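Participant: Build me a structure from this.
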Amino acid sequence: MSAIITESRLTCPECAFEELLTMPTNACQWFHECRQCGVLLRPQPGHCCVFCSYGSVACPPIQAEKLGLVEEACCGPG
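Facilitator: Reported below is the predicted structural model:
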């Protein structure tokens, strides 16, 4: 069984700035302000959080669902 990954490289769609961030393990993050250009990132339609939209790794709740650790992710489709 694979472990849940808690770090994701978030890439700003406006300026392409990348940040390595630690994701919350028990919730989805709906907003993130880019450190470089200040744009407020929000999930794309159909995604539960900014990490699922702009990150290198899906959020921990979605990972747990895909690994079969939970029946349904707390935050919706991923």
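Participant: Tell me which stretches of the chain form strands.
Facilitator: 7-11, 18-22, 32-33, 40-41 (DSSP state E).
Participant: any chance of those in TSV, plus mean pLDDT, distance to A58 and mean neighbour count?
Facilitator: Quick note: C-beta positions are derived from backbone N, CA and C, even for glycine. Shown next, in TSV, are the strands of the chain (pLDDT from 0 to 100; distance: least, C-beta to C-beta, whole Å; neighbours: other C-beta atoms under 10 Å):
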stretch	mean pLDDT	distance to A58	mean neighbour count
strand 7-11	97	8	17
strand 18-22	97	13	12
strand 32-33	98	15	16
strand 40-41	98	15	16
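Participant: With distance to C49 as added columns, please give those in TSV.
Facilitator: Listed next are those as TSV, based on distance: least, C-beta to C-beta, whole Å:
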stretch	distance to C49
strand 7-11	10
strand 18-22	12
strand 32-33	9
strand 40-41	10
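Participant: Who are the contact partners of the residue nearest the centre of the chain?
Facilitator: Per C-alpha atoms, centre = their mean, the C-alpha nearest to the average position across the chain is that of F51, at 1.8 Å. Applying C-beta atoms under 8 Å, 6 or more residues apart in numbering to F51 gives the contacts S8, L10, L21, M23, C28, Q29, V57, A58, C59.
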